[in-house]
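**Q** quick one: sequence plus predicted model below, questions after.
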Amino acid sequence: MAIYLLDYVLPQVAKLSRALQTERIDLTAITPLVDATLNTLDDAMLPAANWVLELMDAKNEIEEVTDITLTPESIATFQGQVAEPFIRMLKANISSRFISQDIVSSFGIFDPKKVPAADSSDFHTYGEDLIAVLLAHYGAELPAKTAGGDEYTKEALISRETREEWKTFRSYLLKKPKGNLHLQLKELTTSDMLSEIFPNISTLANICLSIPVSTASVERSFSKMKLIKTRIRNRIGQSQLSYLMKIAMETPETLSSTQLNDIITVWNQKPDIITVWNKKPRRIAVRILFIINLVYIFLLINIGSFKRVGGT
C-alpha cells in the first residue's frame, strides 16, 4: 500500500521541484504552483483517492504474489494511521519552505512581459501594491554607523524614494524588449547608469537574484561539472570543460529534426578535426622527440657496428 501511495505523491512533489528549478521561472506563478501541489496532496487523503482505486484494481494480483489480504477496512486503517499523517507532515514541510512566497512572487513586477500597455487603466497603478509588500519586508530599519563611528538606524530601502523610482522605472520597463525576468534583473545590477538612477530598485533586484529560486541553475551547474570532470578525467582542459558544460546545461532534452540538421551543417563547416589536432604544439613536440630518439638509436647502433669492424 505504501508503494501505491508514494507512486502518487512523489511525482506531484517532483513536478513542483522541477518547476522551481527552471532558469526562467515566472515568480508570480510560485504561489499558484505551491497551492496546486498542496491541493493535490489533499486529494490523496480522500477515501476514493486515485492511489486507493489503483490499489483496489490490483488487489487480486497483489494477493496472489504476497501474503497480504486487502480489504476496505485494512485500506481505511492504512489511510488513517499511515497515509494521512505522512501527507500532513509533507504538506507542513512544503508550507514551511514557502512562508515568504508572497514576497518572492512580488518580484515578478520586474518582468517586462507583465507590464500592461501604456493606454491601459492598470498601467498607472501597476506594481504599487507589490512594491508595498517588498517595502514592508525589506524596508525595516537597520543598525549603521557614521564615518565617525556614531551608531544610528537607517532604512534598508527608503519607502518614499522607492515608490517614486518605481513610477519612473515602470515606464522604462514598458519600453524594454519583452525579454525574461532574469536578464532584466542582471541589467539592473550590472548597469552603473541604472544603479545611479534607480538605487533602491537596483537594491531590490540584487535581493531577488540572491533568493534560492533564482540560484537553482547555478547549483545545477556545479552538479553537472562534478559529473563531467571526474577523478579519471581530472586533466580535462578549461576550454573543453567549458564546451562540455554548455552542452550539458543548454541542450534541450529533445531535438527536432530541423535542429539536428542545423547541428550537422555547422559541424560540416568546421575544419577537419584531424588537421586541427595535428597542429597542436604538444603533438608536434612529441613527434620531434620521437624523431630525435630514432636518430639517437640509429647512431648508437651504427657506432657500435663501426667499433666492431675496427676491432676486427
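**A** Received, thanks.
**Q** tell me where the protein has strands.
**A** In chain order, the chain shows strands spanning 141-145, 151-155, with DSSP state E as the criterion.
**Q** for the first one, what is the average pLDDT?
**A** Right, strand 141-145. Within the predicted structure, the mean pLDDT of strand 141-145 is 51.
**Q** which residue packs closest to residue 45, ignoring adjacent ones?
**A** In space, not counting the residues next to it along the chain, residue 45 is nearest to residue 84; the distance is 5.1 Å by C-beta to C-beta, 6 or more residues apart in numbering. Yep, even glycine has a C-beta here, placed from its N, CA and C like the rest.
**Q** ugh, typo on my part, it should be residue 95
**A** In space, and not counting its chain neighbours, residue 95 is closest to residue 38: 7.1 Å by C-beta to C-beta, 6+ apart.
**Q** for that neighbour, which residues are in contact?
**A** When the contact criterion is C-beta atoms under 8 Å, 6 or more residues apart in numbering, the partners of residue 38 are 91, 94-95.
**Q** so how far is residue 121 from it?
**A** 34 Å (C-beta to C-beta, to the nearest Å).
**Q** cool, residue 295 as well?
**A** In this structure, residue 295 and residue 121 are separated by 88 Å, where distance is defined by C-beta to C-beta.
**Q** burial of residue 259, as a residue count?
**A** Number of residues near residue 259 (other C-beta atoms under 10 Å) recorded here: 12.
**Q** typed the wrong thing, it's residue 51
**A** By other C-beta under 10 Å, 19 other residues sit near residue 51.
**Q** what's the answer for the one 10 residues further on, then?
**A** Using other C-beta under 10 Å, residue 61 has 9 other residues around it.
**Q** do residue 64 as well
**A** Other residues within reach of residue 64, judged by other C-beta under 10 Å, total 7.
**Q** check what pLDDT it gets.
**A** pLDDT recorded at residue 64 is 74.
**Q** how near is it to residue 181?
**A** Per C-beta to C-beta, residue 64 is found 54 Å from residue 181.
**Q** likewise for residue 224?
**A** Here the distance between residue 224 and residue 181 works out to 23 Å (C-beta to C-beta).
**Q** so which of the two has more stuff around it?
**A** Set side by side, residue 224 and residue 181 show unequal neighbour counts under other C-beta under 10 Å, the larger going to residue 181 at 22 against 15.
**Q** quick one: contacts for the closest residue in space to that one that isn't next to it in sequence?
**A** The shortest distance from residue 181 to any non-neighbouring residue, by C-beta to C-beta, 6+ apart, is to residue 111 (4.2 Å). Residue 111 is in contact with 26-28, 180-181, 184, counting by C-beta under 8 Å, 6+ apart.
**Q** which ones are touching the nearest residue to residue 205 once chain neighbours are set aside?
**A** Nearest in space to residue 205, with sequence neighbours left out and distances taken as C-beta to C-beta, 6+ apart, is residue 188 at 3.8 Å. Residue 188 sits next to 110, 194-195, 198, 201-202, 205 when contact means C-beta under 8 Å, 6+ apart.
**Q** dump these into TSV; add pLDDT, distance to residue 58 and neighbour count as well.
**A** As requested, the contacts of residue 188 are arranged in TSV below (pLDDT from 0 to 100; distance: C-beta to C-beta, whole Å; neighbours: other C-beta atoms under 10 Å):
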residue	pLDDT	distance to residue 58	neighbour count
110	83	49	23
194	84	60	17
195	84	61	16
198	86	60	22
201	86	57	23
202	86	58	22
205	84	52	22
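**Q** restricted to helices, list these.
**A** Using DSSP state H, the members of the contacts of residue 188 that fall in helices are 194-195, 201-202, 205.
**Q** and the pLDDT at residue 287?
**A** Residue 287 carries a pLDDT score of 66 in this model.
**Q** swap in residue 39?
**A** Reported pLDDT at residue 39 in the predicted model: 90.
**Q** coming back round to it: just the contacts of residue 38: which are in helices?
**A** Among these, the ones falling in helices (DSSP H) are 91, 94-95.
**Q** which among those count as buried?
**A** residue 91 (16 or more other C-beta atoms under 10 Å).
**Q** and of the ones in helices among the contacts of residue 38, the nearest to residue 15?
**A** Relative to residue 15, the closest of those is residue 94; by C-beta to C-beta it sits at 12.3 Å.
**Q** correct me, but the closest one touches residue 35?
**A** No - applying C-beta atoms under 8 Å, one finds residue 94 not in contact with residue 35, separated by 10.4 Å.
**Q** so who does residue 110 touch?
**A** Residues touching residue 110, when contacts are defined by C-beta under 8 Å, 6+ apart, comprise 173, 181, 184-185, 188, 204-205, 208.
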